[in-house]
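1. model the following, please.
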Amino acid sequence: MRPLSERIFERLARCALGLACFGTGIACFVKSEMGVPPWDVFHQGVAGRTELRMGTVIVFTGIALLVLWIPLRQRPGIGTVMNALEIGLVENIAEELLPDTGHIVGRLVYLVLGMLLIAGGSGLYIGAELGTGPRDGLMVGINQRFGVSIRVARTMVEVVVMIIGLTLGGTLGIGTFIFAFGIGPLVQTMLGVFKMSPSTIAAASSEAAEQ
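-> I've put the predicted structure just below:
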């Protein structure tokens, strides 16, 4: 992790842009009506059972996860807080602005665009090195606290929240599986595209290998 003061304004800009891309990408998945990423099955399910918008649920979930960081002895960074707040707010705005489409071509475009936006946003956010997101930090905390591998911790948590989301009415579809199996390699590619620091790419590669 680089010192906080090093190129801080550039890193904050990358972080903010990356999170905006991520939130817009989630909205694209929603508009595709072909399934949403695993965590968003949960967010969507909760939103469907409450009067809250999906992006608002994303924000509340991120804040709740940060509370779980306390017993896991994880420390949030500036990027962690930005992650918890910005993605959901942007998702609300983007979902409102993006037009609906009932045509299969339009839905596929949304699906592909969602993957690219989330992967690109992740590359920018990870490269900023301002702290892990609330969900990733939970996996790291479980790994460090209980010795469970990040891969197993991620799988267990995502399966549990996805099942809960399904019972609440969240959408599971081909997009969910495309995201689950394709996002890792795509993020790795984006890290190279955005020319992140060698240490960042090495750390991300190590995490991917662990998963």
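2. so where's the chain uncertain?
-> 1-5, 195-211 (pLDDT under 70).
3. quick check: most distant residue from the centroid of it.
-> Distance from the C-alpha centroid of the chain, by C-alpha atoms, centre = their mean, peaks at H103 (26.8 Å).
4. got the phi/psi numbers for that residue?
-> With angles defined as degrees, to the nearest 10, H103 sits at phi -90, psi 140.
5. now it: how far from L113?
-> 15 Å (C-beta to C-beta, to the nearest Å). Every residue, glycine included, has its C-beta placed from N, CA and C.
6. what do you get for A153?
-> Taken as C-beta to C-beta, the span from A153 to L113 is 30 Å.
7. neighbour count: those two, which is higher?
-> Neighbour totals were compared for A153 and L113, and A153 leads with 21 against 18 (other C-beta atoms under 10 Å).
8. wait, doesn't that one sit right on M139?
-> Yes. Look at A153 against M139 with C-beta atoms under 8 Å: they come within range, at 4.6 Å.
9. and the helix or strand containing M115, what does it pack onto?
-> If you go by DSSP states H and E, M115 is part of helix 104-128. Counting contacts by 3 or more C-beta pairs under 8 Å, 6 or more residues apart in numbering; DSSP states H and E, helix 104-128 packs against helix 8-32, helix 78-97, helix 174-193, helix 198-210.
10. deepest-packed of those helices, please.
-> helix 8-32 (a mean of 22; mean count of other C-beta atoms under 10 Å).
11. CA atoms only: put the very next helix or strand once past it into PDB for me.
-> Using DSSP H and E, the next helix or strand after helix 8-32 towards the C-terminus is helix 38-49. Written as PDB, here are the backbone C-alpha positions of helix 38-49 (Å, rounded to 0.1, in the frame of the first residue of the first chain):
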ATOM      1  CA  PRO A  38     -24.300 -12.300  -6.700                       C
ATOM      2  CA  TRP A  39     -24.300  -9.500  -4.100                       C
ATOM      3  CA  ASP A  40     -26.800  -7.500  -6.100                       C
ATOM      4  CA  VAL A  41     -29.200 -10.400  -6.100                       C
ATOM      5  CA  PHE A  42     -29.400  -9.700  -2.400                       C
ATOM      6  CA  HIS A  43     -29.600  -5.900  -2.800                       C
ATOM      7  CA  GLN A  44     -32.300  -6.300  -5.400                       C
ATOM      8  CA  GLY A  45     -34.300  -8.700  -3.200                       C
ATOM      9  CA  VAL A  46     -34.200  -6.400  -0.200                       C
ATOM     10  CA  ALA A  47     -35.200  -3.500  -2.400                       C
ATOM     11  CA  GLY A  48     -38.200  -5.500  -3.700                       C
ATOM     12  CA  ARG A  49     -39.400  -6.200  -0.200                       C
END
